[in-house]
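Chemist: Structure for this input, please:
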Amino acid sequence: MKVIGIIGGTGAGKTTVVSFIKTLKKTFIISADEIGHNILLKGHTGYHLVIKAFGPSILSSEQNILREKLGEIVFRTPEKLQLLNKIMHPLIYEEVERQIRRARREDSFDIVIIDAALLIEIGLLPLTDKVIAVYAEDETRITRIMQRQGLAKEQILERFKAQKKWEEFSHVADAVIDNSSSLQNTREQIKNLLVHL
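Modeler: Have a look, this model is predicted:
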């Protein structure tokens, strides 16, 4: 059972690629985003650590962490982003490792996918057998994010600045999926790739 890391910038279409792979293979999906969201929920260690680091202004009236508010802070200030990452990355790594062990114990999957935009930053590369980088042109990514999240172009470009450049993704990738054109084209690339994996 291979562990495959999926990387790529926001809006590149990592979720689309993961969905296609799931239709073709018995797949255990580990979503670093989902893990990150859960870490910020009340009762988790991360919840208390993040409030301690960023203060009560990031809380709703129900004492939940407002991720949008936290996002505004960290994407504006590199030091704050580093601070958040220092808290979150070890917790995410620990949970990814735990889920891989679980998938191996269950022994009913062809592959495990780690869907993580920050696969490199979190230090998850050593846990993977192969890495697939998902590519899409910047304008395509911007359009997708605007439609999905309703963000302004300026906000999206700010987020792009805080992320790795494409060259850094492609440098560690064993394979690239170009998700700039049609879904059919993407699907064909994935089919061919899975044969070789």
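
Chemist: Quick one: distance of stretch 23-42 to the chain centre.
Modeler: From the chain centre to the centre of stretch 23-42 is a distance of 9 Å (C-alpha atoms, centre = their mean, to the nearest Å).

Chemist: and the end-to-end length of it?
Modeler: End-to-end distance for stretch 23-42: 34 Å, by C-alpha to C-alpha, to the nearest Å.

Chemist: next one: stretch 140-157
Modeler: Span of stretch 140-157 from end to end, C-alpha to C-alpha: 13 Å.

Chemist: try stretch 102-117
Modeler: 22 Å.

Chemist: Show me where the protein has its helices.
Modeler: 14-24, 32-39, 45-54, 67-76, 78-106, 119-122, 138-149, 153-162, 166-172, 183-196 (DSSP state H).

Chemist: Flag every buried residue along the shortest one.
Modeler: Applying a neighbour-count criterion of 16 or more other C-beta atoms under 10 Å, one finds 119-120, 122 buried in helix 119-122. No exception for glycine: its C-beta is placed from N, CA and C like everyone else's.

Chemist: now, which of these sits nearest V96?
Modeler: Nearest to V96, judged by C-beta to C-beta, of these is I122 at 7.7 Å.

Chemist: Which strands and helices lie in contact with the helix or strand of the chain with the lowest mean pLDDT?
Modeler: Across the helices and strands of the chain, mean confidence by mean pLDDT, DSSP states H and E is lowest for helix 153-162: a mean of 78. Identification of packing neighbours for helix 153-162 by 3 or more C-beta pairs under 8 Å, 6 or more residues apart in numbering; DSSP states H and E yields helix 67-76, helix 138-149.
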